[in-house]
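[1] here is my input, please return the structure:
(6 chains)
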Number of protein chains: 4
Amino acid sequence: MGAENQDVPYRNSADTQPAPRRGGGRPRSDAANKAILYAAREELVEHGFTKFRIEHVATRAGVGKATLYRRWSSKEALAQDLLADLAAPHIAVDDVGDTRQELYQCVEHALHAIRDTPFGAVIRALVSQIAINPKLGDPFRATVVQARREEIAKVVARGIERGDLRPDCAADVATELLVGPVYFRLIFGGDLGDDLARTIADTVYLAFSAPPD
Amino acid sequence: MGAENQDVPYRNSADTQPAPRRGGGRPRSDAANKAILYAAREELVEHGFTKFRIEHVATRAGVGKATLYRRWSSKEALAQDLLADLAAPHIAVDDVGDTRQELYQCVEHALHAIRDTPFGAVIRALVSQIAINPKLGDPFRATVVQARREEIAKVVARGIERGDLRPDCAADVATELLVGPVYFRLIFGGDLGDDLARTIADTVYLAFSAPPD
Amino acid sequence: MGAENQDVPYRNSADTQPAPRRGGGRPRSDAANKAILYAAREELVEHGFTKFRIEHVATRAGVGKATLYRRWSSKEALAQDLLADLAAPHIAVDDVGDTRQELYQCVEHALHAIRDTPFGAVIRALVSQIAINPKLGDPFRATVVQARREEIAKVVARGIERGDLRPDCAADVATELLVGPVYFRLIFGGDLGDDLARTIADTVYLAFSAPPD
Amino acid sequence: MGAENQDVPYRNSADTQPAPRRGGGRPRSDAANKAILYAAREELVEHGFTKFRIEHVATRAGVGKATLYRRWSSKEALAQDLLADLAAPHIAVDDVGDTRQELYQCVEHALHAIRDTPFGAVIRALVSQIAINPKLGDPFRATVVQARREEIAKVVARGIERGDLRPDCAADVATELLVGPVYFRLIFGGDLGDDLARTIADTVYLAFSAPPD
DNA sequence: TCGTAAACGAGACGGTACGTCCTGTCTTAAC
DNA sequence: GTTAAGACAGGACGTACCGTCTCGTTTACGA
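    Residues are numbered from 1 along each chain as shown, chains lettered A, B, ... in the order given. Next comes the predicted model:
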């Protein structure tokens, strides 16, 4: 996964969990790791979490089941790692000097991750687990969701500083107004075109923009 | 369950599907129906859809598996009925003559259903299936989601008529801005208090309200 | 198996163990029972007890594993039933009025069962389990071995009565002298032809025959 | 282990098989050899061949699996070495000048090995393999069984020479009559006291003794 | 005194089988 | 003809061993 473990501290995988315990023994295979994660992604996207079969993942990865269970103790743990890997690259929003544009980027990044990368299919398969199962939900909230909230908080802070947004503008509500609609359409249907991002960003900007005087 | 089948046309259950075919033989037990739905809800909420076991539902309902399969052909069909039953009562928004208040009710109804009724736990367990599995998602979108969109469209139309909202206000985006944040918090965490409804409704009203002149 | 359960009281199978508990439910399939026992015999003979695979038996019998485990809780239990079924027909020795001939029959019956019926291959595969594992050994001793000892005791008694054998002739030792050599050759190699039976019977008769006066 | 390899030509172990190939490299550890054989014996006796686990032997011996596989290519090979080591010391019968006593020793040696040494438990665990599996059976027959047959043949020859036994007395049948009963009791149950040896030897002597004239 | 070469303990590897559980169907007797 | 009960074939679960393969380390011999 990503190079910075400090960004994704809740990993379950071999690279952090049991600590790469030194001492005798053949080291765990990086190739197996990658093959499993790749196979898991494909299976998850094709069948959804409910029909996500560990045995099929192992077979597809050309790996024994024990090799998989040595690294991840459950479907959930495996799915969580998958999610963290796929979500990480889509959080950051650049300071471009234009508040309306930055708000647009907040929506657009979420939209892009969901529409154009495997993250979309994976999150669709896992929203229920995130909502219900703390083993998956807690780490996801603590990392991905939290990162996005903070990123949007920065955008809002910059907007207030620039005088574009009202000083009492709440970053949390801004997050939900900007990203909530995207996830709503992901789950309940609706077009995920770029114009959604434009419309949402403009509307939120309008609602939060500082009064003319 | 709902009294009007025309409102919920996608039912899978015995009372619509094979038609209560008349003729000899013991009539199907209503008690079994209810016991199954109740047991299904409990099991679904306790274990999530992934670990939702038909066998456990049957045992908990004190019913043979065949009795269950005679009524619903799959987990999905059963879950869908459950969902439709629970969602139906929380859609309608009254005309109270006050646009801001009606927008508030749009959010509040979603919030109330999710926070204060079994619908919340059930939808949490089923979002992934709705997002992924057309067998569940299509009917849900065609009934519950569509009903809510239409209800909000009426609110928006009344608001425009009253001169409270801008004439170009899009009902779909309004739906997502009003309800999206609620589902966002349901899934990704966040307080589901009444003030959320207030804040969201006010913000949306602000964004969509007609310019002073 | 045999019609008389009183002859083989240690059965593990469905027909005795859990009692054909009356009440609801589909009755257990006789066909499955037979298919499993047949398949088990073939597998045991082909591979020996060490490589006797429950999964292969089930597949060969065209039966789910659960169906097999419902009837027999372990390899041992299944093997034991197999053994009892195969051993039962080869115990009895007829009263033919000729002591030498009856002794011959004692050896010949053991020899025939081992050489000409599936019992031979099965017992070869299971001697170790009989010797070591009380779960298999105790019932086998209590039924098959005991029956043979008693049958030979009758032959000896008749021989003494006729005045052919010495009155102090011990039936137990007779059993071991008559049957031990057969099993010795079964395990450690040696010809299992009819002349072995003749030689052993004559020798034992000679050793145990009453002195001329 | 046995000092004379010509007595036990079928060894599988390191000391004969790959020839202690000369050249560089660390020599194989004698300690490991002994630890493995000891652990193997314990495991075999405790669990029987069917549940004899190479992995447990290695762990119990404090040895890596590769170290074990470097010396023995299979469970069978290991078991065979075990057997040969334990059987070797109990074959020879001394010429004591008394035929009846020598016959007694034939039985007694088998009885003693089985009753008073680890050989008993090990052979019990391995009879089935000897009977079924040529990898174990052939070497065992060619060495231990053959040695015992030859030893008894010598006793019989001496008995005939002394005029104690009939000249047509067959050594093979004598072997089976003397030793068969012991193994019969080992497997199928029965007292293994000294009186068994006495009774068997006396009976065989009686059957085979030369007529008074 | 140093390579060099093989053995060492440890433990991961791809597999196979275990015994359990669940799926969706089928088969009873009872009502 | 429906009911509860429960057996059916099939197949995935997570665990345990198989026999093989790397690791990093240790030990003896020949240069």
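[2] can you tell me the closest non-neighbouring residue to A:Y205?
    A:R100 (5.0 Å; C-beta to C-beta, 6 or more residues apart in numbering or on different chains). Where C-beta positions appear, they are placed from N, C-alpha and C, glycine not excepted.
[3] quick check: the one you found vs A:A92, distance?
    Going from A:R100 to A:A92 by C-beta to C-beta, to the nearest Å gives 18 Å.
[4] hmm, back to that, doesn't A:A201 make contact with the residue nearest to A:Y205?
    Yes - between A:R100 and A:A201 there is a contact under C-beta atoms under 8 Å: 6.6 Å.
[5] burial measure for the residue nearest to A:Y205, as a count.
    Neighbours of A:R100 under the rule other C-beta atoms under 10 Å in any protein chain shown: 17.
[6] tell me which element it is part of?
    helix A:99-116 (DSSP states H and E).
[7] pick out the residue in chain A sitting closest to chain D.
    A:G24 (8.6 Å; C-beta to the nearest C-beta).
[8] contacts only, for A:E43.
    Contact partners of A:E43, counting by C-beta atoms under 8 Å, 6 or more residues apart in numbering or on different chains, are A:52-53, A:56-57, A:60.
[9] what's the first helix or strand after the helix or strand bottoming out on mean pLDDT in chain A?
    One helix or strand of chain A scores below all others by mean pLDDT, DSSP states H and E: helix A:134-140, with a mean of 85. For helix A:134-140, the succeeding helix or strand toward the C-terminus, using DSSP H and E, is helix A:146-162.
[10] elements contacting the helix or strand following that following helix?
    Using DSSP H and E, the next helix or strand after helix A:146-162 towards the C-terminus is helix A:171-188. On a contact count with 3 or more C-beta pairs under 8 Å, 6 or more residues apart in numbering or on different chains; DSSP states H and E, helix A:171-188 meets helix A:99-116, helix A:118-132, helix A:146-162, helix A:194-208, helix B:118-132, helix B:171-188, helix B:194-208.
[11] count of neighbours near A:D81?
    Count around A:D81 with other C-beta under 10 Å applied: 27.
[12] can I take it that it is in a helix?
    Yes - looking at A:D81 with DSSP: H, G, I helix; E, B strand; the rest coil, it is inside a helix.
[13] from A:L37, how far off is it?
    Going from A:D81 to A:L37 by C-beta to C-beta gives 7 Å.
[14] and what of A:R115?
    For A:R115, the distance to A:L37 - C-beta to C-beta - is 22 Å.
[15] more neighbours, these two?
    Counted by other C-beta under 10 Å, A:R115 and A:L37 do not tie: A:L37 has more neighbours, with 21 against 17.
[16] check contacts around the more buried one.
    When contacts are counted by C-beta under 8 Å, 6+ apart, A:L37 is found next to A:81-82, A:85.
[17] whichever residue of chain A sits closest to chain C: how many residues sit nearby?
    Nearest residue of chain A to chain C, counting by C-beta to the nearest C-beta: A:E55, 15.0 Å away. For A:E55, the count of nearby residues is 9 (other C-beta under 10 Å).
[18] I figured it hits A:G64, correct?
    No - counting by C-beta under 8 Å, A:E55 stays clear of A:G64, with 10.6 Å between them.
[19] residues touching the closest residue to A:G64 other than its chain neighbours, list them.
    Leaving aside its sequence neighbours, A:G64 sits nearest to A:A58 (C-beta to C-beta, 6+ apart; 6.5 Å). Counting by C-beta under 8 Å, 6+ apart, A:A58 touches A:36, A:39, A:64-65, A:67-68.
[20] which of those residues are close to DNA strand E?
    Filtering those for neighbours of DNA strand E using C-beta under 7 Å from any atom of the strand leaves A:64-65, A:67.
[21] most neighbours out of the residues you listed, which is it?
    A:T67 (17 neighbours).
[22] hmm, back to that, pLDDT score for the residue nearest to A:G64?
    If you check A:A58, the pLDDT there is 97.
[23] from B:A61, how far out is the residue nearest the centre of chain A?
    Nearest residue to the geometric centre of chain A (C-alpha atoms, centre = their mean): A:A87, 3.1 Å. Separation of A:A87 from B:A61 (C-beta to C-beta): 40 Å.
[24] again with A:L37
    For A:L37, the distance to B:A61 - C-beta to C-beta - is 40 Å.
[25] okay, now the unreliable bits of chain A?
    A:1-22, A:212-213 (pLDDT under 70).
[26] what does it have sitting close to DNA strand F?
    Residues of chain A found near DNA strand F (C-beta under 7 Å from any atom of the strand) are A:24-27, A:52-56, A:64-66, A:69, A:74-75.
[27] rewinding a little: how about the helices and strands packed on helix A:171-188, which one is nearest B:A110?
    Taking C-beta to C-beta, helix B:171-188 is the member of these nearest to B:A110, at 4.8 Å.
[28] which residue does chain A have closest to DNA strand E?
    A:G25 (2.2 Å; C-beta to the nearest atom of the strand).
[29] quick check: phi and psi at that residue.
    phi 100, psi 150 (degrees, to the nearest 10).
[30] what's the distance between the residue nearest to A:L103 when sequence neighbours are not counted and A:E161?
    Leaving aside its sequence neighbours, A:L103 sits nearest to A:A201 (C-beta to C-beta, 6+ apart; 4.4 Å). Distance, A:A201 to A:E161, by C-beta to C-beta: 19 Å.
[31] so for the two, which sits in the more crowded spot?
    A:A201 (22 against 11).
[32] remind me which helix or strand the residue nearest to the centre of chain A belongs to.
    helix A:75-87.
[33] now do that helix: which elements does it pack against?
    Counting by 3+ C-beta pairs under 8 Å, 6+ apart, helix A:75-87 packs on helix A:30-47, helix A:54-61, helix A:118-132, helix A:134-140.
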